[in-house]
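Visitor: kindly return the folded structure for what I paste below:
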Amino acid sequence: MAMQATSTRNIQPPAARPSAASPADWAGETRYVVRQPILNLRGHVHGYELLFRNAPEAVLSAGADMAARTMLDNAVIFGLDWLTNGLPAFIGCTIESLTEDLVLVLAPHQTVLAVPASLELTPRLLESCRGLKARGFRLALDDFTWKPNLRPLAELADYIRVDFNALGIQERRYLRSMDCASLAMVAKKVETQEAYQSARAEGFTLFQGSYFCHPVLLKKRKLPANRQLHFEIVRLLHHDPIDIPRVSQLVSRDASLTYRLLRLVNSPLYAIQQEVRSIELAIIAVGENVFRRIVSLAVLSELNGEEAPEILHMALLRGRFCELAAKSCGLQSDEQYLLGMLSLVPAMLRLPMEEITPSLPLRAEICEALQGTMNPERRLLAWIESHERGDWEACDQMTHAHGLSQESLVKCYAESVVWAAAALRSSSTV
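Guide: Numbers count the residues shown, from 1 in each chain. Down below sits the predicted model:
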């Protein structure tokens, strides 16, 4: 599944910057959180499911109730605003966290309490859920399977979340009988476009899974001419020094890209003191290194124009993460930035990677890494792909196999979350 993860080590949410202490100081240890986007029918993020993990040894030794307490502690330490950008946060609950009011540490208007359908529906649990709903929390009946005694809780729920791969006849019959005007149905583990289309046909309106990163590829379509132009611009950007006249000429041939570029240069993200109105002045104002970054972001935004915005967000996260972590394993940071950023271009263009790589400004080893070859250049990209899925075991295996520091990698990811959010806000205004 497509997930996004971060840690509290040595980094703060943007809103918390004035404080002298970092979340790591509050928590006392490195902590990890995975954000799994929940998308609507338009491909926009409706909210995020949050899954937390402390150090691996802590997870192995913790019981369910201790894990629930730790999860709530993490939610407070991280801050829901930073984790979800103000969108609803879906947080898994246990009987203890619901009946003993532990969830009251969370902001009701931002929180969706995910109540597992497997819990025994006692009168106390039902009363607690009614009380929490009265306080302003929304409820999600999670991993729903049909049981007659679940009806009272289902009638309280704002969301019903179903493992779409396990959707049976009884579940279908019951969901069709529900009042969809007051209940949102969430299909989980939607990994392919075929599953997504099936879920839509079943009446689901919210979706979790990596399906949006795997659109139907148009294998017989050639790379459009304007996309070839974009890749040529990126190729020229990574010549040192930049051929300013040639890059300016190519950028000026694409009106949309020119507009997007100048808006980005003038955005708060780059804090230019005076308005920039030409490509040449943009290069002079920000310098070649920053200009490379701005143009890459503008090109990436153009490439993703017709696809889910979350793909662009993930591409920015991957690129920044690979760039920051490159030094720790002896890789070239600029090259790794492009590797991470371009890894989702097939999802943007709906073309197979092997049809795209000949146009990319990268060494053969990097192109092979993009096509899935597990070579040294692909180490960081492979790690972040596993981290997005919340596949902790795969992450641990990779760090051990390659002598990497898990703590260092999650710190790089945390910094990437802040940077990508700022970059996405800037690109979304143009």
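Visitor: go ahead and measure how far stretch 236-256 is from the middle of the chain.
Guide: 30 Å (Cα atoms, centre = their mean, to the nearest Å).
Visitor: ignore the last one, stretch 371-390
Guide: Taking Cα atoms, centre = their mean, one finds the center of stretch 371-390 at 16 Å from the center of the full chain.
Visitor: buried stuff in that stretch?
Guide: Buried residues in stretch 371-390, defined by neighbour count with 16 or more other Cβ atoms under 10 Å: 377-390. Any C-beta I mention is one placed from the backbone N, CA and C, and that applies to glycine too.
Visitor: which SSE is immediately downstream of the helix or strand bottoming out on mean pLDDT in the chain?
Guide: Within the chain, judged by mean pLDDT, DSSP states H and E, the helix or strand with the poorest mean is helix 23-27; its value is a mean of 36. Sequence order places strand 32-39 as the next helix or strand after helix 23-27, per DSSP states H and E.
Visitor: may I have the strands that pair with that following strand, each with its orientation?
Guide: In the sheet, strand 32-39 lines up against strand 4-7 (antiparallel), strand 45-53 (antiparallel), strand 206-208 (antiparallel) (DSSP bridges).
Visitor: from residue 86, how far off is the residue with the largest distance to the centre of the chain?
Guide: What lies farthest from the middle of the chain is residue 123; by Cα atoms, centre = their mean that is 37.8 Å. From residue 123 across to residue 86, the span is 35 Å (Cβ to Cβ, to the nearest Å).
Visitor: kindly state the beta-bridge partners for residue 159.
Guide: residue 140, residue 184.
Visitor: ok, now which ones touch it?
Guide: 90, 112, 138, 139, 140, 141, 183, 184, 185, 186, 206 (Cβ atoms under 8 Å, 6 or more residues apart in numbering).
Visitor: tell me the most packed of the residues you listed, by neighbour count.
Guide: residue 186 (28 neighbours; other Cβ atoms under 10 Å).
Visitor: you'd agree that one is up against residue 143?
Guide: No. Residue 186 is beyond contact range of residue 143, at 10.6 Å (criterion: Cβ atoms under 8 Å).
Visitor: so what's the gap between the lengthiest helix in the chain and the chain middle?
Guide: Across the chain, the longest stretch assigned as helix under DSSP state H is helix 406-428. In this view, helix 406-428 has its centroid 10 Å away from the chain centroid, taken as Cα atoms, centre = their mean.
Visitor: which of the strands paired with strand 32-39 has the lowest average pLDDT?
Guide: Of all the strands paired with strand 32-39, strand 4-7 carries the lowest average pLDDT, namely a mean of 45.
Visitor: rewinding a little: which residues do residue 186 and residue 143 both contact?
Guide: 161, 162.
Visitor: which intervals of the protein have sub-threshold pLDDT?
Guide: 1-33, 53-71, 73-79, 178-181, 217-225, 269-274, 361, 426-430 (pLDDT under 70).
Visitor: domain boundaries for this protein, per the record?
Guide: 4-213, 225-428 (automatic domain parsing).
Visitor: so how far is stretch 291-307 off the chain centroid?
Guide: That offset, for stretch 291-307, works out to 17 Å (Cα atoms, centre = their mean).
Visitor: list the helices and strands whichever strand or helix holds residue 249 packs on?
Guide: Secondary structure from DSSP H and E places residue 249 in helix 244-252. Here helix 244-252 touches helix 225-237, helix 255-265, helix 279-286, going by 3 or more Cβ pairs under 8 Å, 6 or more residues apart in numbering; DSSP states H and E.
Visitor: looking at these, spot the one closest to residue 158.
Guide: Nearest to residue 158 among the helices and strands packed on helix 244-252 is helix 255-265; the distance by Cβ to Cβ comes to 37.5 Å.
Visitor: returning to what we had before: pipe the buried residues of stretch 371-390 into TSV and attach distance to residue 299 and secondary structure per row.
Guide: Below are these laid out as TSV (distance: Cβ to Cβ, whole Å; DSSP: H, G, I helix; E, B strand; the rest coil):
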residue	distance to residue 299	secondary structure
377	21	helix
378	22	helix
379	25	helix
380	22	helix
381	19	helix
382	25	helix
383	25	helix
384	21	helix
385	22	helix
386	27	helix
387	25	helix
388	23	helix
389	27	helix
390	30	coil
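Visitor: of all these, which comes closest to residue 310?
Guide: Here the nearest of these to residue 310, counting by Cβ to Cβ, is residue 388; it sits at 11.2 Å.
Visitor: all set, thanks.
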